[in-house]
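Colleague: Turn this into a model:
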Amino acid sequence: MVGKIKRVRQKLHHDAVKINTGEEKTSSCLEKAPALPLNITTKTETRIKPADKNPRDVKALNFPKGVFAGTVIPPEALVQTLSVSELPAKPTAEPTEEKPRGVGEKKQQSKKEKMKERRERWLNKISAIKLARENRTELARRKATPVVGDMRVLADALPELLPCIRAPASKKQKGMVKKKAEPTDYCKMKPAQKRKLLELEMSRFSEAMRDTAFKSNPLAAIGEHLRKRLKQEEEQS
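Modeller: Numbering: from 1, shown residues only. Sure, this is the predicted structure:
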């Protein structure tokens, strides 16, 4: 085990100064004063110098020690009651409690958060500079207008009437619902659409077979039939 080093403690107060015992020796050498009897009363005599013949000085020497010796104060005058008209107002604002150290301190941010905040500050500065530059160029352009001049100041001074004017109730316009275009490819058609197309083709084929022109000249009849079909498709589209 390692021993401890003792250090001399520093005293905050000095020791009291002791008085020498020389008083005992001096007290023994002194003679005791004779005690006066109890019946003897000493009177203070006031001697007046022969040079002082002024009576005012005599009165000044005979001035009593008790200044209020001749005054009579009744005990009723000493007893008084204090009437309190208004009580002392209580303090409305309560003393705010001091928060302990460490409470409410900012949380230590990470490096990424600091970089993000720095980047946002730079972007805000750049946008503010660009906006100020645009305002300067716009102001210079308005001042350069020869006829009208700068009307921006007047426009800013005049109040806006848009909040006062009530917008009319907008009527909902019922737009025509457009039907979805039916697919022309036979593979993409629905079963009902396929059945309808087959019925239409069968009716056209039977109509072409009943035509008298088809029997005499089949190619001319088929060509006329195709032209009518193309014309109908163009009208529908």
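Colleague: Quick check: what element follows the biggest helix by length in the chain along the chain?
Modeller: In the chain, with assignment by DSSP state H, the single longest helix is helix 111-143. Using DSSP states H and E, the helix or strand that directly follows helix 111-143 along the chain is helix 152-157.
Colleague: residues contacting Gln232?
Modeller: Applying C-beta atoms under 8 Å, 6 or more residues apart in numbering to Gln232 gives no contacts. Just so you know, the C-beta spots here come from the backbone N, C-alpha and C atoms, and that holds for glycine as well.
Colleague: does Thr81 count as helix, strand or coil?
Modeller: Here Thr81 is coil, with the state taken from DSSP: H, G, I helix; E, B strand; the rest coil.
Colleague: So what does it look like in phi/psi?
Modeller: Backbone torsions for Thr81, taken as degrees, to the nearest 10, come to phi -120, psi 130.
Colleague: Just give me the neighbour total for it.
Modeller: Close neighbours of Thr81, defined as other C-beta atoms under 10 Å, add up to 5.
Colleague: same thing with His225?
Modeller: His225: 16 neighbours (other C-beta under 10 Å).
Colleague: Look at it and tell me its secondary structure.
Modeller: helix.
Colleague: From what I see, it and Met209 are in contact.
Modeller: No: with contact defined as C-beta atoms under 8 Å, His225 and Met209 do not form a contacting pair (11.0 Å).
Colleague: which neighbours do the two share?
Modeller: By C-beta under 8 Å, 6+ apart, no residue touches both His225 and Met209.
Colleague: Let me see the mean pLDDT of the longest helix of the chain.
Modeller: Average pLDDT, helix 111-143: 94.
Colleague: just stretch 179-195 next, same as before
Modeller: For stretch 179-195, the mean confidence score works out to 81.
Colleague: So what touches that stretch?
Modeller: Contacts for stretch 179-195 (C-beta under 8 Å, 6+ apart): Leu197.
Colleague: helix, strand or coil for Thr184?
Modeller: coil.
Colleague: quick one, phi/psi of it?
Modeller: The phi/psi pair for Thr184 (degrees, to the nearest 10) reads phi -90, psi -20.
Colleague: what about Gly3, neighbour count?
Modeller: 5.
Colleague: Tell me the first helix or strand C-terminal of the helix or strand bottoming out on mean pLDDT in the chain.
Modeller: The least trusted helix or strand in the chain, going by mean pLDDT, DSSP states H and E, turns out to be helix 55-61, with a mean of 52. Next along the chain after helix 55-61, taking DSSP H and E as the criterion, comes helix 75-78.
Colleague: tell me what that next one is packed against?
Modeller: Packed against helix 75-78 by the contact rule (3 or more C-beta pairs under 8 Å, 6 or more residues apart in numbering; DSSP states H and E) you find no helix or strand.
Colleague: Using PDB, list the CA coordinates for it.
Modeller: Extracted in PDB, the C-alpha atoms of helix 75-78 (Å, rounded to 0.1, in the frame of the first residue of the first chain):
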ATOM      1  CA  PRO A  75     -49.900  56.900  29.800                       C
ATOM      2  CA  GLU A  76     -53.100  57.200  27.700                       C
ATOM      3  CA  ALA A  77     -51.100  59.300  25.100                       C
ATOM      4  CA  LEU A  78     -48.600  56.500  24.700                       C
END
